[in-house]
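1. Return atomic coordinates for the entry below.
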Amino acid sequence: MQRFLIFIIFFISFQIVSSQEQKTAFHSLDVFSLEWASNPQISPDASQIIYRRNGFDIMKDNPKGNLWILNSDGSLHRKLTSREVNESQAKWSPNGDRIAFVSSTDEGSELYMYWVKTGQIAKLSQLEMSPGNITWSPDGKQIAFTMFKAEKPPVIVKMPAKPKGANWAKPARITNRLKHEQDGRGYMKPGFTHIFIIPAQGGTPRQITSDNYNHSGSLSFSPSDNSIYFSANRIEDWEYDFRNSEIYKVNIETKVITVLTSQKGPDFSPKVSPNGNKVAFLGFKDKVQAHQNRILYLMDSNGKNRRAISNNFDNSLSNIAWDREGKGLYCTYDEKGNSKVAYITLNGKISKLADNLGGTTIGRPYASGSYSVANNGTLVYTQTRPEYPSELAVIQDKKRTKLITNLNDDVLGHKILGKTEEVWYKSSFDGRDIQGWIVKPPFYDASKIYPLLVENHGGPILNYGDRFTAEIQLYAAEGYLVFYPNPRGSTSYGEEFANLLYHNYPGQDYNDVMDGVDYLIKKGVVDTHKLYVTGGSAGGIMTAWIIGKNNRFKAAVVVKPVMNWISKTLVADNYFRYANSRYPGQPWENFETYWKFSPLSLVGNIETPTMVMVGMDDLRTPPSESKQLYHALKLRKIETVLVEIPEASHGIARKPSNLISKVSHTLAWFKKYQK
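-> Sure, this is the predicted structure:
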């Protein structure tokens with residue numbers, strides 16, 4: 001009998017091992033096959049859900065997305081239309097009989113309508129530019145949206161007429177604007193974004209805002225009068241007072257605009273209550289610091305009796321939406337690296353409804369995701385775990401969460417992913433608790449030690465979390481134990497923690513990262529002779545700072561960094577946003593401080609072999625920043641190489657092939673220094 005039991009145990013163990021061996025680790029080409037859900041919208045009666053199903057076009061090397069629809073129990077899952085074009089911004093009509101959405105055409109993006117009973121679709125518009133923030137009127141008769149309207153650029157000289165057939169150079173590009181370019185977009189044509197109205201059956205759009213201001217935020221119809229509430233910055237000095245915005249309402253018929261708030265700072269995302277008597281919105285009084293929590297406010301529809309609702313809650317709220325009775329609002333927030341869907345009463349009491357919101361950023365484990373609520377309170381949201389990108393999850397009648405999609409079973413069902421584990425450790429600087437995660441290699445063997453790869457997040461006022469990440473899974477698949485921490489300055493740990501980098505960046509966030517490395521070394525899980533470090537944007541800054549502070553790492557990959565705050569602050573697309581909130585004053589007013597916190601000031605200490613990587617079209621941390629590091633290391637004869645990704649902006653990994661290129665170059669560089 002004992003022999004028989006031993007045989008059975010051996011047989012079962014063998015079967016488990018054999019089953020695992022049939023699976024393979026996540027591979028770079030698997031990235032092209034990933035899909036993820038975004039922007040779920042549940043019908044008013046909670047019967048159906050429409051969402052955007054995202055993926056990559058392997059032939060065109062670009063993201064793509066179509067609209068899909070399914071029942072709330074996950075059945076009858078099908079594509080909304082037969083058209084193979086990009087579709088987005090789906091919104092149910094108030095009574096659920098139609099779905100308005102935006103779709104690309106040969107002439108540009110247009111508004112479309114889908115009739116639920118018949119399945120018919122029709123194009124509603126013929127627009128000059130792409131529509132955004134589409135919003136139904138409460139009676140279902142109109143749709144509001146925002147759209148950019150071009151203006152003529154300034155003219156300084158009049159060039160002579162070009163002779164017929166002559167091949168002259170392109171005319172000079174002239175601007176007189178503070179913000180004239182944007183990363184990922186390039187040169188911004190002169191003009192302003194305005195609010196438009198179009199009949200729900202189609203027709204000619206009517207512009208209802210005017211003047212040279214941008215009106216580009218979310219919209220909210222009032223059910224009690226003929227008004228739309230919106231946020232904008234319509235003050236005279238709007239370009240330079242760029243952090244400010246107020247809540248306004250505009251009468252659809254008269255086009256009269258009324259300002260409702262006057263707080264110094266951003267007021268945005270207005271949402272009118274179901275009875276039209278109240279307006280909820282987000283904002284904060286600007287104290288000019290590195291980070292400030294977004295607070296939920298409430299006021300009467302005429303702007304009176306304003307009060308803060310969530311000022312006792314120590315994290316930022318986002319994505320607010322009223323419940324049907326007007327007794328409270330749904331919202332989202334991040335807590336300890338995990339995103340939540342919640343409900344807040346008008347007295348400020350917050351109740352968590354769901355964990356694990358996110359999964360719509362595929363590359364690295366940043367916060368993301370969205371949700372929607374039906375009239376009866378049924379909640380649908382994009383859920384992620386380290387094992388999968390965003391799927392649709394439903395909570396009905398306050399029961400347990402139910403996943404109703406499985407978009408990646410064909411890809412990930414046959415893969416062994418690296419297991420993600422949460423770690424906490426103490427800061428050596430001030431004893432604070434610091435959170436991070438490790439991802440173990442597939443087929444992890446606890447009796448072995450592994451090379452350690454540290455991945456620093458960007459921002460720095462952002463957070464990583466226990467979310468799916470293609471890049472880190474690819475690192476783990478190559479045999480690295482990957483560590484990604486949330487050092488001080490990260491969000492989701494309260495305003496004070498995120499603001500510790502105010503006038504102090506990089507600061508003790510360096511200690512927090514290195515304390516995590518030492519914590520793992522003490523645990524005996526990593527090879528101390530094989531330490532590697534990388535990170536992009538603020539993560540690139542931290543990586544460059546680390547190798548300027550110590551020589552413990554065998555190799556480093558510094559991706560799209562800021563090396564010199566003086567030059568970066570005056571050449572980046574957002575150059576006007578840094579003074580005072582990052583460091584006191586402008587660079588020419590406070591040269592010593594800007595230089596002290598520049599990683600380039602430490603370049604004379606670097607001995608670590610370093611790959612430098614940047615997108616050639618990066619306007620946020622321009623290639624000149626990366627080249628300063630590369631050129632300095634070349635002059636010092638430190639082993640280095642410069643990798644420039646063609647046609648890539650700051651979001652290098654937007655194209656799947658660039659994501660693969662980024663990871664492959666990183667791994668190849670580290671492999672070179674494995675001995």
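2. ok, how many other residues are close to E644?
-> 15 (other CB atoms under 10 Å). Where you see a C-beta, it was placed from the backbone N, CA and C, and this is true even at glycine.
3. Now name the helix or strand holding it.
-> strand 640-645 (DSSP states H and E).
4. Pull out the buried positions in the helix or strand following that strand.
-> Using DSSP H and E, the helix or strand that follows strand 640-645 towards the C-terminus is helix 656-672. Neighbour counts using 16 or more other CB atoms under 10 Å place 656-663, 665-667, 669-670 of helix 656-672 among the buried residues.
5. How about stretch 630-640?
-> Quick answer for stretch 630-640 (16+ other CB under 10 Å): 630, 632-633, 638, 640.
6. Show me where the stretch 451-600 of the chain has its helices.
-> Using DSSP state H, counting those that start in this stretch, the helices found in the stretch 451-600 of the chain span residues 470-477, 495-498, 509-523, 538-549, 565-571, 591-596.
7. Now mean neighbour count and distance to S231 too, for the ones you listed, in a markdown table please.
-> What follows is these, written out as a markdown table (neighbours: other CB atoms under 10 Å; distance: least, CB to CB, whole Å):
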| stretch | mean neighbour count | distance to S231 |
| --- | --- | --- |
| helix 470-477 | 25 | 34 |
| helix 495-498 | 18 | 22 |
| helix 509-523 | 20 | 32 |
| helix 538-549 | 26 | 27 |
| helix 565-571 | 19 | 27 |
| helix 591-596 | 14 | 32 |
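8. So for K164, which of the ones you listed sits nearest?
-> Nearest to K164 among the helices of the stretch 451-600 of the chain is helix 565-571; the distance by CB to CB comes to 40.0 Å.
9. Counting by contacts, list what the closest one packs against.
-> On a contact count with 3 or more CB pairs under 8 Å, 6 or more residues apart in numbering; DSSP states H and E, helix 565-571 meets helix 591-596, helix 623-635.
10. that older thread, can you convert the buried residues of helix 656-672 into a markdown table and add a column each for pLDDT and distance to R243?
-> Formatted as a markdown table, the buried residues of helix 656-672 follow (pLDDT from 0 to 100; distance: CB to CB, whole Å):
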| residue | pLDDT | distance to R243 |
| --- | --- | --- |
| P656 | 94 | 35 |
| S657 | 95 | 37 |
| N658 | 95 | 32 |
| L659 | 95 | 33 |
| I660 | 96 | 38 |
| S661 | 96 | 36 |
| K662 | 97 | 32 |
| V663 | 97 | 36 |
| H665 | 98 | 37 |
| T666 | 98 | 36 |
| L667 | 98 | 40 |
| W669 | 98 | 39 |
| F670 | 98 | 40 |
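11. now, which of those residues sits nearest F443?
-> Closest approach between the buried residues of helix 656-672 and F443, by CB to CB: L667, at 17.7 Å.
12. What is the burial count for K287?
-> By other CB under 10 Å, the residues close to K287 number 12.
13. In this structure Y510 contacts I546, no?
-> Yes: if you go by CB atoms under 8 Å, Y510 and I546 touch, sitting 6.5 Å apart.
14. could you point out where this protein is predicted with low confidence?
-> The model of the chain has pLDDT under 70 over residues 1-21.
15. Does the nearest residue to Q126 once chain neighbours are set aside lie in a helix or a strand, and which?
-> Spatial nearest neighbour of Q126, excluding adjacent residues (CB to CB, 6 or more residues apart in numbering): E110 at 7.1 Å. Per DSSP H and E, E110 falls inside strand 108-115.
16. Quick check, central residue of this protein?
-> By CA atoms, centre = their mean, the chain has its centre lying nearest to S368, at 5.6 Å.
17. close enough to count as contact, that residue and T360?
-> Yes: counting by CB under 8 Å, T360 is a contact partner of S368 at 4.2 Å.
18. Need the overlap of contacts for these two.
-> When contacts are counted by CB atoms under 8 Å, 6 or more residues apart in numbering, S368 and T360 have 382, 390 as shared neighbours.
19. Helices along the stretch 1-150 of the chain, start to end?
-> Using DSSP H, counting those that start in this stretch, helices in the stretch 1-150 of the chain cover 2-22.
20. So what touches the helix or strand encompassing M611?
-> Under the criterion of DSSP H and E, M611 resides in strand 610-615. Residues external to strand 610-615 that are found in contact with it (CB under 8 Å, 6+ apart): 547, 555-561, 621, 623, 625-627, 629-630, 633, 638-645, 647-652, 658, 662, 665-666, 669.
21. make it 7 Å
-> Surrounding strand 610-615, the residues in contact under the criterion CB atoms under 7 Å, 6 or more residues apart in numbering are 547, 556-560, 623, 626, 629-630, 633, 638, 640-645, 648-650, 652, 662, 665, 669.
22. Please enumerate the strands of the stretch 351-500 of the chain.
-> Secondary structure of the stretch 351-500 of the chain (DSSP state E, counting those that start in this stretch): strands at 371-373, 379-385, 388-395, 402-403, 415-416, 420-426, 433-439, 450-456, 481-486.
23. Report the strands that pair with the fifth one, each with its relative direction.
-> Each strand pairing with strand 415-416, determined using DSSP bridges, is listed with its direction: strand 24-25 (parallel).
24. The third one too?
-> Here strand 388-395 is paired, per DSSP bridges, with strand 379-385 (antiparallel), strand 402-403 (antiparallel).
25. Mind putting these into CSV with distance to L452 and mean neighbour count?
-> Shown next, in CSV, are the strands paired with strand 388-395 (distance: least, CB to CB, whole Å; neighbours: other CB atoms under 10 Å):
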stretch, distance to L452, mean neighbour count
strand 379-385, 24, 26
strand 402-403, 33, 13
